[in-house]
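1. no FASTA, just this:
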């Protein structure tokens, strides 16, 4: 099975100065990403600070996106929590809104845990939701969770729940692992977490990327996807690499939010929730450079 | 300042076969621990699978304990979550029930995070709760959280919130760290997470222990605390070490729950939530041995 490569943006969550969720800001940034050429959004992931939000806040924010008119079929929201009942509640709620699928972290407090225990967790979610419309994307980000999504676990899940397990986002940063997942499970959509691996991902039969830096370069990354195999491929890849490199020396999520605040003109969009710490003005030059490269500087 | 050494039991949370929280079972096990001689309880910590429970479940279970007549002044419930609003809600709720204090994890999804970010998280909790009755115990368990409670962080918190920061549970397993905390901050109550370090803790001026294995040996550990400095100290320490060693080869939380199920005669008390996996019958002999040593076998 081949996959048409896509870009889903793990869109940041704007907060207000009182740290409440800024729904209008979220809708604005989400639309900006789609207007830039993203195929869809993967809100409420790591870049979105979703694990710093309550279940109620996550539900309300997803509702705000859908009520704003964004097609839910273009949304793959994050729904994984440390606590199983929370993951079930969020997954059921997202499905009820008609989303394309959910990008679901394994439970991430206990470590190490066995594949058997992680399987049981996903199985409980799938059984509790109990709908053949559910499409679940596994979220491999062991540097945060301490809980890898192993090939063995994917195999058990795909076998037990064919059709439900639709894909995987590999945020582990190791291309060999992504290649192994694509080779072993060609029927599911395997996304890379960085556009740095996008060309390898597409060549191997992967499904594209869900990349944090797409928040500041959705247009460039979407252009790269379309350019793969054409004369423009190298130039598009070079542009994406240039933008990405600027962020490599910075705390990624605060830097991305600072860049979005510059682009939208709303300084509150740079606010992060603890335990993250907002960028300091000393990084303004780097952020301006990134926005200049990505074409995201306000025209003012 | 000297601390009278205490035993707080991080009591397990019994679940029903449908994985719902068994309030009656929780109250029963909690009373058993107090009857065995524990000074108090530290429910809803790591051993209690609290991070596998929703905020609502945690609130209801704490209410069940207090409504059963257990003195809230003997309770130090866990209230730390990945999401700041959840930690605030649980801490405020627990304080409203009159608890002695809360044992509060740092936010545990993102890693690494800075002391500045963790400070901001605790500061937001303290300011949001906004009560001079709040007593907060820091929870250092870096092998689960990836977020150590450093000496630098404690210093900043104790300075900013004198009287609120009441203590720390050191589950890191390194005596040198516990000794450094006690030496630097003699005014706060520093608990060890294992009775293996209890005698060192007391000798150094610590506050005792909050130990998972107290769930199966509360009587023995309480006896050891009273025996420190007396002729019976070595015998009491030997008994505690014997019980503890049996559990060292087993997955700790499932093994403790299996032992409690044997003691109470309710097999459901062995149930764990995913991602933990329940014990298998092959370990029955070890569990029987532990209960024989601790005096916890049913008299039937």
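-> Yep, it's here. Small disclaimer: the values here were computed from a predicted structure and weren't measured.
2. residues from chain A in reach of chain B?
-> Selection of chain A residues close to chain B by Cβ under 8 Å from any Cβ of the partner chain yields A:19, A:46, A:51-55, A:57, A:81-86, A:89, A:106-111, A:113-114, A:116-118, A:120-121, A:124, A:143-147, A:273-277. Any C-beta I mention is one placed from the backbone N, CA and C, and that applies to glycine too.
3. Can you select the buried ones among the residues you listed for me in PyMOL?
-> Buried residues among the residues of chain A next to chain B (16 or more other Cβ atoms under 10 Å in any protein chain shown), as a PyMOL selection:
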select buried, chain A and resi 19+46+51+52+53+54+55+57+81+82+83+84+85+86+89+106+107+108+109+110+111+113+117+118+120+121+124+144+145+146+147+273+274+275+276+277
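4. check contacts around residue A:219.
-> Neighbouring residues of residue A:219 by Cβ atoms under 8 Å, 6 or more residues apart in numbering or on different chains: A:36-37, A:294-296.
5. Could I get the full set of strands for the stretch 151-300 of chain A?
-> Assigned by DSSP state E, counting those that start in this stretch, the stretch 151-300 of chain A shows strands spanning A:165-170, A:189-192, A:208-210.
6. Redo the ones you listed as a markdown table? Include mean pLDDT and mean neighbour count.
-> Formatted as a markdown table, the strands of the stretch 151-300 of chain A follow (pLDDT from 0 to 100; neighbours: other Cβ atoms under 10 Å in any protein chain shown):
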| stretch | mean pLDDT | mean neighbour count |
| --- | --- | --- |
| strand A:165-170 | 98 | 26 |
| strand A:189-192 | 98 | 27 |
| strand A:208-210 | 98 | 27 |
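7. Now render those strands as TSV, adding distance to residue B:179.
-> Output for the strands of the stretch 151-300 of chain A, formatted as TSV (distance: least, Cβ to Cβ, whole Å):
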stretch	distance to residue B:179
strand A:165-170	42
strand A:189-192	46
strand A:208-210	46
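8. Which one of the ones you listed lies nearest to residue B:163?
-> Comparing the strands of the stretch 151-300 of chain A against residue B:163 with Cβ to Cβ, the closest turns out to be strand A:165-170 (45.3 Å).
9. Neighbouring strands - and their directions - for the closest one?
-> Paired strands of strand A:165-170, with direction, are strand A:136-140 (parallel), strand A:189-192 (parallel) (DSSP bridges).
10. Export those strands as a markdown table, with columns for distance to residue A:63.
-> Conversion of the strands paired with strand A:165-170 to a markdown table gives the following (distance: least, Cβ to Cβ, whole Å):
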| stretch | distance to residue A:63 |
| --- | --- |
| strand A:136-140 | 20 |
| strand A:189-192 | 25 |
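11. Just tell me which of those ends up closest to residue A:222.
-> Across the strands paired with strand A:165-170, residue A:222 has its closest neighbour in strand A:189-192 (14.3 Å, Cβ to Cβ).
12. I'd like the distance from the closest one to the chain centre, please.
-> In terms of Cα atoms, centre = their mean, to the nearest Å, the centre of strand A:189-192 is found 11 Å from the chain centre.
13. what sits up against it?
-> Residues from elsewhere that reach strand A:189-192 (Cβ under 8 Å, 6+ apart): A:3, A:6, A:8, A:137, A:166-170, A:178, A:181-182, A:198, A:200-201, A:206-211.
14. okay, and for chain A, where does confidence drop off?
-> Scanning chain A for pLDDT under 70 picks out A:1, A:298-300.
15. among the residues of chain A next to chain B, which are in helices?
-> Using DSSP state H, the members of the residues of chain A next to chain B that fall within helices are A:55, A:57, A:84-86, A:89, A:116-118, A:120-121, A:124, A:143-145.
16. tell me the contacts of the closest residue to residue A:79 other than its chain neighbours?
-> Closest residue to residue A:79 apart from its sequence neighbours, by Cβ to Cβ, 6 or more residues apart in numbering or on different chains: residue A:90 at 3.9 Å. By Cβ under 8 Å, 6+ apart, the contact set of residue A:90 is A:55, A:58-59, A:77, A:79-81, A:102.
17. Select from the residues you listed the one having the most neighbours.
-> residue A:79 (33 neighbours; other Cβ atoms under 10 Å in any protein chain shown).
18. Pretty sure that residue sits against residue A:94.
-> Yes: between residue A:79 and residue A:94 there is a contact under Cβ atoms under 8 Å: 5.7 Å.
19. any shared contact partners between these two?
-> Applying Cβ under 8 Å, 6+ apart, one finds that residue A:79 and residue A:94 are jointly contacted by residue A:102.
20. where along the stretch 151-300 of chain A do the helices fall?
-> Along the stretch 151-300 of chain A, the segments classed as helices by DSSP state H, counting those that start in this stretch run A:151-160, A:175-184, A:198-204, A:214-227, A:233-248, A:252-264, A:284-294.
21. what angle do the fourth one and helix A:233-248 make?
-> Meaning helix A:214-227. Inter-element angle recorded for helix A:214-227 and helix A:233-248: 160 degrees (by axes from the mean of the first three to the mean of the last three Cα atoms, to 10 degrees).
22. Also the first one?
-> Relative orientation of helix A:151-160 with respect to helix A:233-248: 120 degrees, computed using the same axes, to 10 degrees.
23. Tell me which residues of helix A:151-160 come out buried.
-> Result for helix A:151-160 [16+ other Cβ under 10 Å]: buried residues A:153-154, A:156-158.
24. what's the first-to-last distance across stretch A:135-145?
-> 22 Å (Cα to Cα, to the nearest Å).
25. again, but for stretch A:99-114
-> 30 Å.
26. Now for the closest residue to residue A:290 other than its chain neighbours: which residues touch it?
-> Distances taken as Cβ to Cβ, 6+ apart place residue A:246 nearest to residue A:290, at 4.3 Å, with adjacent residues excluded. Taking Cβ under 8 Å, 6+ apart, we find residue A:246 in contact with A:286-287, A:289-290, A:293.
27. which of the residues you listed count as buried?
-> The neighbour-count test (16+ other Cβ under 10 Å) applied to the contacts of residue A:246 identifies A:286-287, A:290, A:293 as buried.
28. Number of residues surrounding residue A:282?
-> Residues near residue A:282, counting by other Cβ under 10 Å, number 7.
29. any idea how far it lies from residue A:208?
-> Noted for residue A:282: a distance of 34 Å to residue A:208, by Cβ to Cβ, to the nearest Å.
30. do the same with residue A:111
-> 30 Å.
31. What of residue A:43?
-> Relative to residue A:208, residue A:43 is positioned 17 Å away (Cβ to Cβ).
32. what's the answer for residue A:114, then?
-> For residue A:114, the distance to residue A:208 - Cβ to Cβ - is 31 Å.
33. residues contacting the residue nearest to residue A:202 when sequence neighbours are not counted?
-> Leaving aside its chain neighbours, residue A:202 sits nearest to residue A:5 (4.8 Å; criterion: Cβ to Cβ, 6+ apart). By Cβ under 8 Å, 6+ apart, the contact list for residue A:5 reads A:198, A:201-202, A:206-208, A:225, A:228.
34. returning to what we had before: looking at the contacts of residue A:90, which are in strands?
-> residue A:102 (DSSP state E).
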